[in-house]
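Participant: give me a model of this one.
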Amino acid sequence: MREASINSASVVIPSQITPWLAVQTRKMINAEGPLDWHDVSFRRGACAEENLVKLPEGKYANAIATACDDLNDIQQRYSGDCFRAASCNVSDIAKQEITATMNLVWDAFSDAGFVLPYEVIEEGLP
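Facilitator: So this is what the prediction gives:
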């Protein structure tokens, strides 16, 4: 799902943000070029401040806001790993940080009582 396909009406549906983040972070972990690494902004779309403030207060909203900040930081700090398509090599530490961030989000997702639709589970998301 591309960032442009998430409009402001759909991003405020809390249960849709975590699967969207999972898709974006999986792209980053498996990046083969700069477009894969930089395809998403963790400051706009689902992570835009105006969308984050619409989430119900609590652990899940905090986890999403923290993940957006952390993923933006990771994306910026490790952008040199994937600056050129010919030498895109996402470091193991970057992959570990992305995975750790998403693990916290998935924990909060579960604690909030959200579940993935059956067809998403079948596709192997997270």
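Participant: tell me the centre residue of the chain?
Facilitator: Among the residues of the chain, the one closest to the centroid is L21, at 2.5 Å (CA atoms, centre = their mean).
Participant: quick one: contacts for it?
Facilitator: For L21, the contacting residues are A46, I64, A67, L71, M102, V105, by CB atoms under 8 Å, 6 or more residues apart in numbering. For the C-beta atoms, the positions are set from N, CA and C on the backbone; glycine is no exception.
Participant: among those residues, which two are most distant?
Facilitator: Spanning the widest gap among the contacts of L21 are A46 and M102, at 13.6 Å by CB to CB.
Participant: between those two, which is the more surrounded one?
Facilitator: Per other CB atoms under 10 Å, whichever of A46 and M102 has more neighbours is A46, with 25 against 22.
Participant: thinking again about what came up before, if I look at the residue nearest to the centre of the chain, how far off is W106?
Facilitator: 9 Å (CB to CB, to the nearest Å).
Participant: before we move on, what about V23?
Facilitator: In terms of CB to CB, V23 sits 13 Å off from W106.
Participant: the more surrounded of the two?
Facilitator: For V23 versus W106, the count of surrounding residues by other CB under 10 Å is larger for W106: 18 against 14.
Participant: hmm, the more buried one is touching I17, no?
Facilitator: No. Applying CB atoms under 8 Å, one finds W106 not in contact with I17, separated by 11.7 Å.
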